[in-house]
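Colleague: my questions are about this predicted structure, shown below with the sequence.
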Amino acid sequence: MTVSRALTIAGSDSGGGAGIQADLKTFQELGVFGMTAITAVTAQNTLGVQGVYPLTLEALKTQIDSVAEDLSPHAIKTGMLFNADMIRLVSQQIVHYGWENIIVDPVMVAKGGQSLLQEEAVEALITSLLPLAKVITPNIPEAEVLTGMEIRTLDHRKDAAKRLVDLGAKNVMVKGGHDSTNDVVTDLLYDGHTFHLFEGERKETKHTHGTGCTFAAAITAEISKGNNVLDAIQTAKAFIQSAIEDQLGFGSGHGPTNHWAFNKRNVYR
Ligand SMILES: Nc1ncnc2c1ncn2[C@@H]1O[C@H](COP(=O)(O)OP(=O)(O)O)[C@@H](O)[C@H]1O
Ligand SMILES: Cc1ncc(COP(=O)(O)OP(=O)(O)O)c(N)n1
């Protein structure tokens, strides 16, 4: 039996709800062996980010090489990459190892407003990493930064997705969590030809720390198993919906989502 393996290149969240920790929990729940290359350690809880401590480029490169040279990941997710040098290094490593199943979550700002990506790094994200992405998963504010356009409507999101495909991403998923005008949360995928909508009931909750990381990690896990992008997103949407609905209620700020919920539901259904 081949065990599907996924590598996440991202930041550590001491609070356990986002970043590397959310990715590993999601991989595990979806039956995928998770591996990591850490870009930065963050001191973080449900109230915000208290510290960001980037690792050296050498430390990041060596982690990626160690995984690549012995463990051959079937899919790779990127999350918090912090600065332009890290983005360029990760892009070079992806090309060097010939990796194709790349899921880019273009993390920029934490829920509490703290920056997780230096402003001058956006250009490197667009020119080096975006063209390597099989799937890129911006939320609405991230799609605005990447395209330079204002996004107010679903049609604006469609235009933004087209622009990101023109910049080289193969599939663009513009998530809808930040559009609170509706009881339904709609995520929009553009595959270069067709738009696909993924809908879920909006849950009124402040416990949404790590939703973006968890959603992209679930897509990565499913792609590492050999599933196509549409099927992977279908499962990821069900995974994040359960994780938001069955809230844990920890902490006095934005609490983490529930990574057990998807399997718990499927077992007891
Ligand atoms: N309140 C909510 N109820 C249901 N689903 C949500 C809610 N908030 C976010 N989601 C879903 O969580 C995922 C992440 O969405 P989003 O909030 O847009 O990204 P990010 O966490 O990166 O800011 C998407 O699939 C989105 O539809
Ligand atoms: C270390 C680290 N990486 C990423 C994030 C951002 O997480 P995300 O799921 O995009 O959303 P928020 O929970 O911040 O809304 C993070 N906070 N920390």
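Modeller: Okay, I see it. Ligands and ions are numbered 1, 2, ... in the order given.
Colleague: list the contacts of stretch 217-235.
Modeller: The contact list for stretch 217-235, computed with CB atoms under 8 Å, 6 or more residues apart in numbering, reads 4-6, 8, 22-23, 26-27, 30-32, 73-77, 101, 103, 134-135, 137, 171, 173, 187, 189, 191, 196, 198, 236, 239-240. Where you see a C-beta, it was placed from the backbone N, CA and C, and this is true even at glycine.
Colleague: which residue ranges of the stretch 101-250 of the chain form strands?
Modeller: With DSSP state E, counting those that start in this stretch as the criterion, the stretch 101-250 of the chain has strands at 102-104, 135-136, 171-174, 184-190, 195-201.
Colleague: now for the first one, which elements pack on it?
Modeller: Helices and strands touching strand 102-104, by 3 or more CB pairs under 8 Å, 6 or more residues apart in numbering; DSSP states H and E, are strand 75-78, strand 135-136, helix 211-224.
Colleague: could the strands of the stretch 101-250 of the chain be laid out in JSON lines, adding mean neighbour count and distance to N227?
Modeller: Output for the strands of the stretch 101-250 of the chain, formatted as JSON lines (neighbours: other CB atoms under 10 Å; distance: least, CB to CB, whole Å):
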{"stretch": "strand 102-104", "mean neighbour count": "27", "distance to N227": "12"}
{"stretch": "strand 135-136", "mean neighbour count": "28", "distance to N227": "12"}
{"stretch": "strand 171-174", "mean neighbour count": "28", "distance to N227": "13"}
{"stretch": "strand 184-190", "mean neighbour count": "19", "distance to N227": "14"}
{"stretch": "strand 195-201", "mean neighbour count": "15", "distance to N227": "15"}
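Colleague: let me have the ones you listed in TSV, extended by mean pLDDT and distance to ligand 1.
Modeller: TSV is the format used below for those (pLDDT from 0 to 100; distance: least, CB to the nearest ligand atom, whole Å):
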stretch	mean pLDDT	distance to ligand 1
strand 102-104	98	12
strand 135-136	98	12
strand 171-174	98	8
strand 184-190	97	4
strand 195-201	98	5
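Colleague: any chance of those strands in a markdown table, with distance to D231 too?
Modeller: Formatted as a markdown table, these follow (distance: least, CB to CB, whole Å):
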| stretch | distance to D231 |
| --- | --- |
| strand 102-104 | 14 |
| strand 135-136 | 12 |
| strand 171-174 | 12 |
| strand 184-190 | 12 |
| strand 195-201 | 11 |
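Colleague: picking up where we left off before, go back to the contacts of stretch 217-235 and keep what's next to ligand 2.
Modeller: The subset of these within reach of ligand 2, by CB under 6 Å from any ligand atom, is empty.
Colleague: check contacts around L55.
Modeller: Per CB under 8 Å, 6+ apart, neighbours of L55: I38, T39, A40, V41.
Colleague: what do you get for K175?
Modeller: T137, P138, N139, I140, D187, G212, F215.
Colleague: can you pick out the most distant pair from those residues?
Modeller: Spatial extent of these (CB to CB) is set by the pair I140 and F215 at 13.9 Å.
Colleague: ok, the lengthiest helix in the chain near ligand 1 or not?
Modeller: Ranked by residue count and defined by DSSP state H, the top helix of the chain is helix 229-245. Yes. Interface with ligand 1: helix 229-245 contributes K237, I240, I244 (CB under 6 Å from any ligand atom).
Colleague: and that helix, average pLDDT?
Modeller: Regarding helix 229-245, the rounded mean pLDDT is 98.
Colleague: where does the protein have low pLDDT?
Modeller: Residue ranges of the chain with pLDDT under 70: 267-269.
Colleague: got the residues of the stretch 51-200 of the chain near ligand 2?
Modeller: Residues of the stretch 51-200 of the chain lying near ligand 2 (CB under 6 Å from any ligand atom): G79, M80, V107, A110, K111, L116.
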